[in-house]
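Participant: how does the following fold in three dimensions:
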Amino acid sequence: MNPLVRRPPHWLLIHADTAVAVLLALASTTGRAGLNVSTASALVCWLPVAVRRIRPVPAYCGALLTAPLVLALQMNRMATIAVVALALYPVSLTLPVRRSAIALVAGLLVTAGALLVSMASAPRRANGWPDPAFVVGMAWLVVGASWSLGTAARTRREFAAREADRRAEKAVADERLRIVRELHDVIAHSMSVITVRAGVAAKVMDRHPEEGREALRAIEEIGRGSLVEMRRFLGVLRSPGGAPESTPLPGLADLPSLAHRAAEAGVRVDLSVSGTVPDSMELSVYRIVQEAITNVVRHAAPAHCRAGVSVADGTVSISVVDDGPGRRILPAETAETGQAGGHGLVGMRERTMMYGGAFEAGPLPGRGFGVYASWEIP
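Facilitator: Next comes the predicted model:
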């Protein structure tokens, strides 16, 4: 919400302002007998306090116009200053600082002039007290304090509104990043396997048509599965409130089929899974293993790969190690060479860091490449 947009005041606050206005009116007319013109005029002068939250600027202007009249009638000086201060608070709360500062200066000048004129025309006491400078200083202190409180409250509201906007923008960015990461993992894995299988089909179709048809059927199956996942993510974007569709998300139970597809693309995967992972973490575990195996298919096929997921002592551990060439295109190398590289390692690291875990990936001594991720279960 924009902090400059004034919210309607609560009815309790309006009634409270009315009660304060009545009390000030009674205090200013104490000791005056009967209802005469001056007393009636004084009662009207407290109306700005009753409507200060409904119409801040008109109420404050009315307080500045009536304050000299009330002081000229020799009413209670502090009650009059209280009216100006109370009317100034909602002005400083709702207007920008520069405009409310102009209102503050106007209030200081009006109160000072009215007080000095009122004291000059009033009978002097024998000891000459109160001192005009002291009275004006106290009035300015009260008015300035009211303006400072309103400005401080407005600053807090602006900060809270900016913080709420920042959190909302961050939530949108995080959700966008999550969807992009999911789509990347789905498309990268599927296209890598499809590319390999299409190459196989092209080579063996003439001599071994049955094997070529089997490769085409695998491509069709992988493509259909990828389209189902992509439709689910797009459905999250299109549906009101981002409600996901009923299609279940992949988890640990889908890792064997992932290993089977990798084998069809020329990467034999020895898969081992021990322990159970919380449902909220299964997708991340699956995606990390999927991306790591996809990188093996893309950069090292044909190769042998060992993929393991274990849960022990409240810690999830993931390792994917292959015996192919250890060279990979890393994000840092991409920035230095200007070559187009993937975002797979970045995505795996981000998924691991979501749980405050540790992630490592790099060539192994001699030959092969390893990916390791671990985090503690809350």
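Participant: which outside residues touch the helix or strand harbouring Glu350?
Facilitator: Under the criterion of DSSP states H and E, Glu350 resides in helix 344-353. With contact meaning CB atoms under 8 Å, 6 or more residues apart in numbering, helix 344-353 is reached by 177, 181, 184-185, 188, 284, 287-288, 291-292, 294-295, 328, 330-331, 358-359, 361, 371, 373-375. C-betas here are computed from N, CA, C, even on glycine.
Participant: in strands, which of these fall?
Facilitator: Ala358, Phe359, Ala361, Val371, Ala373, Ser374, Trp375 (DSSP state E).
Participant: identify the residues contacting the fourth one.
Facilitator: When the contact criterion is CB under 8 Å, 6+ apart, the partners of Val371 are Ile288, Ala292, Asn295, Ile318, Ser319, Val320, Val321, Leu345, Met348, Glu360, Ala361.
Participant: nearest spatial neighbour of the fourth one, chain-adjacent residues omitted?
Facilitator: So the one you mean is Ile318. Closest residue in space to Ile318, ignoring its immediate chain neighbours: Ala373 at 4.4 Å, by CB to CB, 6 or more residues apart in numbering.
Participant: thinking again about what came up before, now the two most distant members of the ones in strands among the contacts of helix 344-353.
Facilitator: Ala361 and Trp375 (15.2 Å; CB to CB).
Participant: list the contacts of the nearest residue to Glu376 once chain neighbours are set aside.
Facilitator: The shortest distance from Glu376 to any non-neighbouring residue, by CB to CB, 6+ apart, is to Thr315 (5.3 Å). Neighbouring residues of Thr315 by CB under 8 Å, 6+ apart: Ser374, Trp375, Glu376, Ile377.
Participant: rewinding a little: more crowded one of Ala361 and Trp375?
Facilitator: Ranked by neighbour count (other CB atoms under 10 Å), Ala361 and Trp375 place Trp375 first, with 22 against 18.
Participant: leaving out sequence neighbours, find the closest residue to the more buried one.
Facilitator: Nearest non-adjacent residue to Trp375, counting by CB to CB, 6+ apart: Gly357, 2.7 Å away.
Participant: burial count for that neighbour?
Facilitator: Look at Gly357: counted by other CB under 10 Å, it has 18 neighbours.
Participant: same question for the one 3 residues further on.
Facilitator: Glu360 sits with 12 neighbouring residues when counted by other CB under 10 Å.
Participant: what pairs with it across the strands?
Facilitator: Tyr372 (DSSP bridges).
Participant: report pLDDT for it.
Facilitator: Looking at Glu360, its pLDDT reads 92.
Participant: please apply the same query to Gly357.
Facilitator: 91.
Participant: look up how far Asn295 lies from it.
Facilitator: Look at Gly357 and Asn295: by CB to CB, to the nearest Å, they are 19 Å apart.
Participant: do Leu47 as well
Facilitator: From Leu47 to Asn295 the distance is 76 Å (CB to CB).
Participant: go on, Gly362?
Facilitator: Taken as CB to CB, the span from Gly362 to Asn295 is 12 Å.
Participant: which one's more surrounded, the two?
Facilitator: Asn295 (26 against 12).
Participant: CA atoms of the helix or strand containing Leu69 as PDB?
Facilitator: Leu69 is part of helix 56-72 when elements are defined by DSSP H and E. Extracted as PDB, the C-alpha positions of helix 56-72 are listed here (Å, rounded to 0.1, in the frame of the first residue of the first chain):
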ATOM      1  CA  PRO A  56      -6.600  17.000   8.200                       C
ATOM      2  CA  VAL A  57      -5.700  20.100   6.100                       C
ATOM      3  CA  PRO A  58      -9.100  22.000   6.400                       C
ATOM      4  CA  ALA A  59      -9.100  21.200  10.100                       C
ATOM      5  CA  TYR A  60      -5.600  22.600  10.600                       C
ATOM      6  CA  CYS A  61      -6.400  25.700   8.600                       C
ATOM      7  CA  GLY A  62      -9.500  26.200  10.700                       C
ATOM      8  CA  ALA A  63      -7.400  25.800  13.900                       C
ATOM      9  CA  LEU A  64      -5.000  28.500  12.600                       C
ATOM     10  CA  LEU A  65      -7.800  30.900  11.800                       C
ATOM     11  CA  THR A  66      -9.700  30.400  15.100                       C
ATOM     12  CA  ALA A  67      -6.700  30.400  17.400                       C
ATOM     13  CA  PRO A  68      -6.200  34.200  17.300                       C
ATOM     14  CA  LEU A  69      -9.900  34.700  17.900                       C
ATOM     15  CA  VAL A  70      -9.900  32.400  21.000                       C
ATOM     16  CA  LEU A  71      -6.800  34.100  22.400                       C
ATOM     17  CA  ALA A  72      -8.300  37.500  21.700                       C
END
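Participant: that helix: what's the following helix or strand?
Facilitator: Assigned by DSSP H and E, the successor of helix 56-72 is helix 77-94.
Participant: tell me what that following helix is packed against?
Facilitator: If contacts are counted by 3 or more CB pairs under 8 Å, 6 or more residues apart in numbering; DSSP states H and E, helix 77-94 sits against helix 11-28, helix 47-50, helix 56-72, helix 97-121, helix 132-204.
Participant: most packed of those helices?
Facilitator: Looking across these with neighbours counted as mean count of other CB atoms under 10 Å, the highest average goes to helix 47-50: a mean of 22.
Participant: and Arg224, how many neighbours?
Facilitator: 10.
Participant: so the closest residue to Leu283 other than its chain neighbours, which state does it fall into?
Facilitator: Nearest residue to Leu283, sequence neighbours excluded (CB to CB, 6+ apart): Leu249, at 5.0 Å. At Leu249, secondary structure determined by DSSP: H, G, I helix; E, B strand; the rest coil is coil.
Participant: does Leu249 touch Val285 like I think?
Facilitator: No: the criterion here is CB atoms under 8 Å, and Leu249 misses it with Val285 at 11.4 Å.
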